[in-house]
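build me a model:
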Amino acid sequence: MTVFDLLIWGGALLTLAGLLGIVWCIVTVGRAKRAKLEDGAMRARMQKVVAVNMGALGASMIGLMAVVLGVMLGR
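Next up, the predicted model:
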């Protein structure tokens, strides 16, 4: 196993973690909407979800870049 294989698999795992974070955000927002929270509680929940969502998107992006780099440099 070369370093490029490790880069590909590490990037794939990072992308998967980011995707799971995005799914968590979708589920959390869906539950908050069904709970019909008042405005202040909904804002507090959405602020937390937005922060996690941005981190998950960033992790997915970096993971996909690592996969592409591993494929391009390893072959």
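
okay, CA-based contacts and neighbour counts for the rest of this
Noted.

what about residue 68, how many residues close to it?
By the criterion of other CA atoms under 10 Å, residue 68 has 16 neighbours.

which non-adjacent residue is nearest it?
What sits nearest to residue 68 in space, not counting adjacent residues and going by CA to CA, 6 or more residues apart in numbering, is residue 8, at 7.5 Å.

can you report how many residues neighbour residue 19?
By other CA under 10 Å, 17 other residues sit near residue 19.

assign a three-state SS to the residue nearest to residue 68, would you?
Using DSSP: H, G, I helix; E, B strand; the rest coil as the criterion, the local structure at residue 8 reads helix.

list the backbone torsions phi and psi for residue 38.
Backbone dihedrals for residue 38, given as degrees, to the nearest 10, come out at phi -70, psi 170.

and it, how many neighbours does it have?
Residue 38 has 8 neighbours, counted by other CA under 10 Å.

per-residue confidence for it?
Listed pLDDT for residue 38 reads 90.

pull the contacting residues for it.
Residue 38 sits next to no residue when contact means CA atoms under 8 Å, 6 or more residues apart in numbering.
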